[in-house]
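Student: sharing a model that was predicted from the sequence below.
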Amino acid sequence: MIREIPLKRVSRFYCLKHHLLRKAKKNDIEKVVSDICGLHAQAAQTPYFSLWNRIEEFERNMLDEALYKAKKLVKVWCMRGTLHIIPSNDLAIYNRALRRMWFEHHGRYMNAPDMPSKEERKNIIYPKILEALSDKPLKRKELKTKVLPLLKGKSKPYERLFSAWGGILKETGYEGLTVHAQPWGAEACFIRLDKWLPNVDLDIMDEDEAKEKLLIKYLNGYGPASVQDFVLWSGLMAGEAREALHNVASELEELKIEGVNGQFWMLKKDCQTLMRMDLDEKSPARLLPKFDSFGLGHKDRTRIIRKEFMKQVFRKAGDIVATVLINDSIVGTWRHKKTKNSITVSISPFQKLDKEDLKEIKLTAEDFSRFIGVSKLKFEVD
């Protein structure tokens, strides 16, 4: 018999798995990033703010250390063609599971008639990019300046491939040739994967095994979840998602969620934790950044926000605004404006909040001001 779980229990469990119910220890950055299946990194500040919400005593240099010095984390394009920070040890899973889908589906714009063909790009431009990056990381413009002369009069069709929307460097990323190195100020820098992470072997598993491992990782962080949820999050096709689900079925349990249509699965190993959650424990306030991973994992988002408020958070053109989380639910949006010595944090609740919730949000805003290095806070409620 399939168990039916109250939505409140699912919401509480989801916050626990995303380290939003209780923060992780300060030396657990790699574990947190693994548990939530990567930090969304399209916006430069999002990874730092996401970890501040999840790790005790987090400081910006802790992420930089793990990403650019210890290299336990790596910044790459993966799910849905978007930039993420993932554990370096998991790079083979993400790359092998999602590589073909990029070239056959999400990256098809690269095959426009006025573009060099895939075969031309692979045989002509890829080797030149690797040659240009043989010594050190380069900014996009530097790389373009260095690569195009190597094409010896055949550069014109390739010039537009170095645009800031990803282009050829997103493609070489999915091919497993390049990754992001430490940026130069606000400018992205790129480096050869074999120079940056020489011990990483992307061919350690085949595509099917990688998709199965990716599904297990996803359900560890986002379960209970449906096939449609996994498809939306990963960018894979529904048929591929169902096949992966079938292949790992022995590790899963099917559940129903009260008031929510659909079939949902979670890892068997997590079932006892789900059922033993203390629903009377009050969850702390969190100020989640734009595009935080918490809001990106499900097609049906009723576990984190009421339907009537969805459009205030999940806006047109894929924009997802910064949100206020109270007691496992998104209750409003927020924004901040920083000057040299002060910061203004403004929240826009969907409904009137009680005094205790507002007090807790203000305390969280004070901690945020300390995190970004300013001493004076102005707290506003719209």
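Tutor: It's in. Being a predicted model, the structure only gives us computed values, none of them experimental. Numbering: from 1, shown residues only.
Student: show me the shaky parts of this structure.
Tutor: Counting by pLDDT under 70, the ranges of the chain that qualify are 153-155, 164-166.
Student: can you show me the helices along the stretch 1-150 of the chain?
Tutor: Here the stretch 1-150 of the chain has its helices, by DSSP state H, counting those that start in this stretch, at 7-17, 29-35, 46-52, 60-64, 91-101, 118-120, 126-132, 140-147.
Student: most centrally placed residue in the chain?
Tutor: Geometric centre of the chain, nearest residue: His40, 2.8 Å, by Cα atoms, centre = their mean.
Student: show me the contacts for the residue nearest to that one when sequence neighbours are not counted.
Tutor: The shortest distance from His40 to any non-neighbouring residue, by Cβ to Cβ, 6 or more residues apart in numbering, is to Phe291 (4.5 Å). To be clear about C-beta, it is placed using only N, CA and C from the backbone, and glycine gets the same treatment. Going by Cβ atoms under 8 Å, 6 or more residues apart in numbering, Phe291 touches His40, Gln42, Ala43, Thr46, Ile320.
Student: one more time with 10 Å, if that's ok
Tutor: 39-43, 46-47, 49-50, 82, 318-322 (Cβ atoms under 10 Å, 6 or more residues apart in numbering).
Student: next, report how far stretch 370-382 is displaced from the centre of its chain.
Tutor: Remark: stretch 370-382 is offset 26 Å from the chain centroid, using Cα atoms, centre = their mean, to the nearest Å.
Student: hmm, back to that, tabulate the helices of the stretch 1-150 of the chain (a markdown table), appending mean neighbour count and distance to Gly262.
Tutor: Listed next are the helices of the stretch 1-150 of the chain as a markdown table, based on neighbours: other Cβ atoms under 10 Å; distance: least, Cβ to Cβ, whole Å:
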| stretch | mean neighbour count | distance to Gly262 |
| --- | --- | --- |
| helix 7-17 | 20 | 12 |
| helix 29-35 | 20 | 24 |
| helix 46-52 | 24 | 27 |
| helix 60-64 | 16 | 35 |
| helix 91-101 | 22 | 23 |
| helix 118-120 | 12 | 37 |
| helix 126-132 | 18 | 42 |
| helix 140-147 | 17 | 42 |
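Student: and these as CSV, adding distance to Glu187?
Tutor: Formatted as CSV, the helices of the stretch 1-150 of the chain follow (distance: least, Cβ to Cβ, whole Å):
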stretch, distance to Glu187
helix 7-17, 35
helix 29-35, 24
helix 46-52, 17
helix 60-64, 16
helix 91-101, 23
helix 118-120, 28
helix 126-132, 16
helix 140-147, 7
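Student: so which of those helices gets nearest Val76?
Tutor: Shortest distance between Val76 and these, using Cβ to Cβ, is found for helix 91-101: 6.8 Å.
Student: re earlier: looking at the helices of the stretch 1-150 of the chain, spot the one closest to Leu363.
Tutor: Using Cβ to Cβ, the helices of the stretch 1-150 of the chain put helix 46-52 closest to Leu363, at 14.1 Å.
Student: biggest strand in the chain by residues?
Tutor: strand 329-338 (DSSP state E).
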